[in-house]
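**Student:** Have a look; sequence and predicted model below, questions after that.
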Amino acid sequence: MQPQDHCFTPFTQSVDEYTLPERFTFPFYYQPHPLCLVACEQLQQHIQNQMDWQHNFKQSGKMFGVLLVKSPQGELGYLSAFSGKLADSSVLPGFVPPVFDSAATWDAELEFSVPEGESHFLREQEVINRLNDEITTLAANPNIAKYQSTLAENYQAEEQEVGALQQLMTQQRKIRKTQRKSAQVALVNNEITMAELAGLQDKLAKESVDYKNQLKYLKLAWQQKNSTLQNELNALLNAISSRKSKRKMLSAALQQQLFQQYRFLNIAGIEKNLIDIFENTAFHDKYGVPPAGSGDCAAPKLLQYAFKQGMKPLAMAEFWWGESPKSEMKQHKNFYTACIGKCQPILTHMLSGMDVDENPLLNNVGEDKVVDIVYQDETMAIINKPSEFLSVPGKTIQDSVFHRMQALFPSATGPLIVHRLDMSTSGLMVIALTKDAHKNLQQQFIKRTVEKRYVALLEGKFAELELKQAKVGGIITLPLAGDFDDRPKQIVCFDSGKNAETTWHLAVEQAEYTRVYLHPKTGRTHQLRVHCAHKLGLNMPILGDDLYGHKASRLHLHADTLILNHPKTGVRLTFQVDAEF
């Protein structure tokens, strides 16, 4: 590891015209401060032009972060960091070091590392690696497959032989039973004597015992034969199992030691390790340990280095550089918030005591919005939900479609809400005013007889060949799963994702955007947003999608058409409201 005395980067241009931020960035929802934009542009130039390391960003992109700081001498500049590893390394020139590097023992005071051979964690990992090698070697022993195959053949042969003998015994038992009955009749008819009957019964009893003994010795012979093979096989498998148990124990112990070595400061100098930080989180309650990779993201690295070096953090921003991961929708050079699963507990501690921007998501931005009634009768209502307005109450905001409908229809019975739209999505919703109407409408949604159409404005345009295909439209079937590390985002997961299907067709191409119609067959969370943004979908995020694309005045997604059967009369009804964009 190299000395880290060149992490502070001064601006290469004059920044006197910029006003410093009043408070530190709220990392989970923000617009980058202008000075952070200058720092990011300068860092991006460095990434493009530097010759110290190589990384294939077309194969795998990377999250970078900048932290606007004032040095102890009062100089304005920034720190740079990357999440995880870059170019197969945790430490690169110009970037802050990891919070803890298990490949070496970092001396915070002297700012140097001891040789890797002296790393306790490397030594422990070497022991685990040797166990891995031993397990691989033992598992490759050809006798394991040989014994397993022979035992399988033996068990099959045993089953056949024992089955054949048992079938013969059943047949002979019937024959002996018939012979006994015939002998009883013969005795009554004076055809045989009592002594002859006794002799026959004794003979038949001995035959029965003889067959039982044959079955007993046959099973015993197979048991002895298979037992020898099974013992040989168990010896090989137990050798593997014992090493796996030892590896599991060592890995768990090493993991706990690693978690304890990840120690995070805040501005008051209070230090906490990962175990303490995640102790009262939902992830810890479920898994007992912090998430893998916790503490290796850019944001914690930046703040940790600033606190250690006595620098004053002013603002931060993180951007993605390169190709998006297969399961996610990361856009090159786009800015992203810190992740919820891994970073929120850590940053909550690290930012404690600092003057931080308020969380805008706690503010009711829909307070002045109007919910228009499109249709109303005694059993149901059709409303036009505005964008940035909740369908149902949230954790901190009660104002919602449900709240407004309760006030508007105080005599309504039942749950009112039949289906939902995302907070950012505008458009048509049906409200049930009676219990019977709610049950009927809910069944229509379950049976998928309700037809829904959304209109969306996408960032970008189709290529010429794609445009010819787009005129016809198509079907997107990308399975979706929740991003556990970054709720409420969704990812495309072909292993455990839930089926999601969207039919789409082109409406019109505009100067910079593309208008499409979307017909969701399923109703997964963020389905339309992900199906538009993902490279295996339309590969163009919806304009204003702050989760999967770029923030704008609003999310340009609107549920403009709703077709359903009236819950009382059964008449098929169509409702349509044009989008405001």
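**Tutor:** That came through, no problem.

**Student:** Only C-alpha atoms from now on, for both contacts and neighbour counts.
**Tutor:** Noted.

**Student:** What residues does residue 304 make contact with?
**Tutor:** Contacts of residue 304 were listed using Cα atoms under 8 Å, 6 or more residues apart in numbering, and they are 99, 264-266.

**Student:** residue ranges of the strands in the stretch 101-250 of the chain, please?
**Tutor:** Here the stretch 101-250 of the chain has its strands, by DSSP state E, counting those that start in this stretch, at 106-107, 112-113.

**Student:** can you check the stretch 251-400 of the chain too?
**Tutor:** 263-265, 271-273, 312-321, 335-336, 372-376, 380-385.

**Student:** Can you spell out which helices and strands pack onto the third one?
**Tutor:** Judged by 3 or more Cα pairs under 8 Å, 6 or more residues apart in numbering; DSSP states H and E, the packing partners of strand 312-321 are helix 34-49, strand 62-70, helix 298-308, strand 335-336.

**Student:** run the last query once more with 6 Å
**Tutor:** Packed against strand 312-321, as judged by 3 or more Cα pairs under 6 Å, 6 or more residues apart in numbering; DSSP states H and E, are the following elements: strand 62-70, strand 335-336.

**Student:** Need the residues that contact the last one.
**Tutor:** By Cα atoms under 6 Å, 6 or more residues apart in numbering, the list of residues contacting strand 335-336 from outside reads 318-319.

**Student:** Okay, domains of this protein per the record?
**Tutor:** Per automatic domain parsing, the structural domains of the chain span 9-100+269-361, 142-256, 363-576.

**Student:** In a markdown table, list those domains along with mean pLDDT.
**Tutor:** Below are these laid out as a markdown table (pLDDT from 0 to 100):
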| stretch | mean pLDDT |
| --- | --- |
| domain 9-100+269-361 | 95 |
| domain 142-256 | 95 |
| domain 363-576 | 93 |
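
**Student:** Go through those and name the closest to residue 123.
**Tutor:** When these are compared by Cα to Cα, domain 142-256 sits nearest residue 123, at 10.6 Å.

**Student:** so how far is the closest one off the chain centroid?
**Tutor:** Distance, stretch centre to chain centre, for domain 142-256: 50 Å (Cα atoms, centre = their mean, to the nearest Å).

**Student:** With stretch 299-311 instead?
**Tutor:** That offset, for stretch 299-311, works out to 29 Å (Cα atoms, centre = their mean).

**Student:** Can you tell me which of the strands of the stretch 251-400 of the chain is packed in deepest?
**Tutor:** strand 335-336 (a mean of 26; mean count of other Cα atoms under 10 Å).

**Student:** Each with direction, which strands does that one pair with?
**Tutor:** Partners of strand 335-336 in the sheet, by DSSP bridges, are strand 312-321 (antiparallel).

**Student:** got the residue ranges for the helices in this protein?
**Tutor:** Applying DSSP state H to the chain gives helices spanning 34-49, 120-139, 142-188, 194-261, 274-277, 282-287, 298-308, 340-350, 401-408, 435-446, 464-470, 527-533.

**Student:** Only the buried residues of the second one, if you could.
**Tutor:** Along helix 120-139, the positions that meet the burial threshold by neighbour count (16 or more other Cα atoms under 10 Å) are 121-122, 125, 128, 131-132, 134-135, 138-139.

**Student:** export the strands of the stretch 251-400 of the chain to a markdown table and tack on distance to residue 15?
**Tutor:** Formatted as a markdown table, these follow (distance: least, Cα to Cα, whole Å):
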| stretch | distance to residue 15 |
| --- | --- |
| strand 263-265 | 29 |
| strand 271-273 | 34 |
| strand 312-321 | 14 |
| strand 335-336 | 21 |
| strand 372-376 | 48 |
| strand 380-385 | 44 |
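
**Student:** Kind regards, and thank you for your time.
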